[in-house]
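1. got a predicted structure plus its sequence, pasted below:
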Amino acid sequence: MSTSISSGWLSFAALVVASVLVIKRFRKESRTTKLCGPPRGDILFGQMNNLVQALDGASIIQDTWAEQYGSVYRRPGPFGMDLITLMDPKAIAHFYAGGETTYHVTSFAQRFFDSLVGRGILSAQGDDHKRQRRAMNSGFTNAKMREYTGYFFETAHKVEAAWDQLIQNSNSGYIDLNVTPWMNAISLDSIGTAGFGHDFGATMGKTSGVGKAFDAFIDLGMSLASLVAFLVHPVLPIVSAIPSERTRRANEVREECGALARLLLQETKKVESTDNRAIDPMSVLGLASKSQTEETGLPMNEEEVNALMRTLMMAGYFTTAITLTWGLVELARRPDIQDKLRAELREAFPSSDPSWDQLMQDLPILDAVVHETLRLHAIVDETVRVAVHDDIIPLSEPLTLPDGSSTSTLFVETGSSIVVPVAAVNQMRSLWGEDAYEFKPERWLNDGEGLPAGAKELQGHRHLLTFISGPRTCLGKNFAVAEIKAAYAVLIRAYTFEFVGGPDTKVAKAAGSLIPRPTTAGEPISHVPMRITRMD
């Protein structure tokens, strides 16, 4: 009780101090180009509350603002602050290209990542980020993907065996189960076996401290202290140190991942000293171990290596798991597409698994389903960074300013906050067409020849911002795509998926989660019950 009261008073004090600091800050006239934008909204929080409460509808709101105010506009933030919002393809490309030099991760994001996984690649800037990234690039080449794909199929087949046993025991030809924990298991075991040579055993029903810690942290609601820290950190960074349930759970994640990372690295060094053939020096784990030495020319200290391994565990787990679940949701909504995908898989590979090259090149409907899921359900809603230098951002087309004049460039002053609403850009009607909010995998067929010209202006993996772009693009994007494709190649080939509650079942993002996961209306967080029927 005393802790709660203490946090409440700290939060209130932080709000007061932050308000005073913001008032002082905005007395100084900014030289950044004045932009049009929506009304301020809430006197304290600006438009943030509207977007947070909208969840799935937030992308539509921001798309509507872009249509009304221009593809670069001012988004009112907390305490009178504004965020420059980029939804213009050329501006976005310029912004991401400056990820090492001009636009840095915010101080709050740095503290958050440091507290969760340690001081590593997520919070590193400039030369430190380049060094850590170069040290790991060899672990994510196409050659490595060919090796990892076997692990992905092995993991998916374990789920198939488990489901077959459940179906056999049911004597009904089908089972009703929550698919979320199964997709979590596929993701956790895939990153464990392929990346680190460690079998969590999640697909076999085993529980792990790492998985439990991740799930508890991701599904934790936003406390008052956490909300205040998020809102006022730009002007009062110390508030991120306010103790809360979220910081406690973050510490659990860090400790569980850290203990496993240390164990794996110790085992790797022990094996390397006795049998050099046992550990692949170009695997993720091998590279992490090797990068601690001078022989790579890119040495990483122990803290950086442990942080990197924690990061890969976290990023490789929940992002792919959530995407896998969303894909099943979309296929259950569209049984016609599910049938076409199953027919493609059964015709091309009736009794065997495709190689990585075949998985990437010879299954166009699978490719279309996966990328349409990635388009509609980007895990990270937006990228927020701070300008560390003055900059001039080019625009794809002239922008109308509040005074009626127009400009083809945007001047950004040092210290300005910039946001790219990733999920909203992936669904912009001006780029993707009037059907942008619909799940239509056919838009990706024929190597995406049917994509609108506007969408093709976006620079990123297959014209998507899901993995962002530039020097900080997601290191494991090919790993994630191959893992998702392999899982679907096994599961969709073998089973049909439909909602237990019928075809009109509503599934949406769960409110109150750090990373919102799909949840069926009326069910607990991360609960998507489906009827799974074995195909003969």
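-> Structure's in. What do you need?

2. give the contact list for residue 415.
-> Going by C-beta atoms under 8 Å, 6 or more residues apart in numbering, residue 415 touches 386, 387. In short, each C-beta sits where N, CA and C put it, glycine included.

3. tell me which stretches of the protein form strands.
-> All strands of the chain, identified by DSSP state E, fall at 72-76, 82-86, 103-105, 174-178, 383-387, 391-400, 406-412, 417-420, 495-499, 507-509, 518-520, 529-534.

4. dump these to JSON lines, plus mean pLDDT and mean neighbour count.
-> JSON lines is the format used below for the strands of the chain (pLDDT from 0 to 100; neighbours: other C-beta atoms under 10 Å):
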{"stretch": "strand 72-76", "mean pLDDT": "96", "mean neighbour count": "22"}
{"stretch": "strand 82-86", "mean pLDDT": "95", "mean neighbour count": "24"}
{"stretch": "strand 103-105", "mean pLDDT": "91", "mean neighbour count": "22"}
{"stretch": "strand 174-178", "mean pLDDT": "96", "mean neighbour count": "17"}
{"stretch": "strand 383-387", "mean pLDDT": "93", "mean neighbour count": "20"}
{"stretch": "strand 391-400", "mean pLDDT": "97", "mean neighbour count": "16"}
{"stretch": "strand 406-412", "mean pLDDT": "97", "mean neighbour count": "16"}
{"stretch": "strand 417-420", "mean pLDDT": "95", "mean neighbour count": "21"}
{"stretch": "strand 495-499", "mean pLDDT": "97", "mean neighbour count": "19"}
{"stretch": "strand 507-509", "mean pLDDT": "89", "mean neighbour count": "18"}
{"stretch": "strand 518-520", "mean pLDDT": "91", "mean neighbour count": "23"}
{"stretch": "strand 529-534", "mean pLDDT": "96", "mean neighbour count": "18"}
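
5. could I get those in a markdown table, plus columns for distance to residue 330?
-> Output for these, formatted as a markdown table (distance: least, C-beta to C-beta, whole Å):
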| stretch | distance to residue 330 |
| --- | --- |
| strand 72-76 | 29 |
| strand 82-86 | 27 |
| strand 103-105 | 32 |
| strand 174-178 | 17 |
| strand 383-387 | 24 |
| strand 391-400 | 30 |
| strand 406-412 | 36 |
| strand 417-420 | 24 |
| strand 495-499 | 10 |
| strand 507-509 | 9 |
| strand 518-520 | 10 |
| strand 529-534 | 12 |
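
6. can you say which of these is nearest to residue 311?
-> Closest approach to residue 311 among the strands of the chain is made by strand 103-105 (13.2 Å; C-beta to C-beta).

7. who are the packing partners of the closest one?
-> Using 3 or more C-beta pairs under 8 Å, 6 or more residues apart in numbering; DSSP states H and E, the elements in contact with strand 103-105 are strand 383-387.

8. each with direction, which strands does the strand it packs on pair with?
-> Here strand 383-387 is paired, per DSSP bridges, with strand 103-105 (antiparallel), strand 417-420 (antiparallel).

9. centre of the chain to that strand, how far?
-> Taking C-alpha atoms, centre = their mean, to the nearest Å, one finds the center of strand 383-387 at 16 Å from the center of the full chain.

10. for residue 339, find the nearest of the strands of the chain.
-> Nearest to residue 339 among the strands of the chain is strand 495-499; the distance by C-beta to C-beta comes to 8.3 Å.

11. now do the closest one against strand 529-534, angle only.
-> Going by axes from the mean of the first three to the mean of the last three C-alpha atoms, to 10 degrees, strand 495-499 is angled at 160 degrees with respect to strand 529-534.

12. tell me how far the residue minimising distance to the centre of the chain lies from residue 55.
-> Nearest to the geometric centre of the chain sits residue 379, at 3.6 Å (C-alpha atoms, centre = their mean). Going from residue 379 to residue 55 by C-beta to C-beta, to the nearest Å gives 14 Å.
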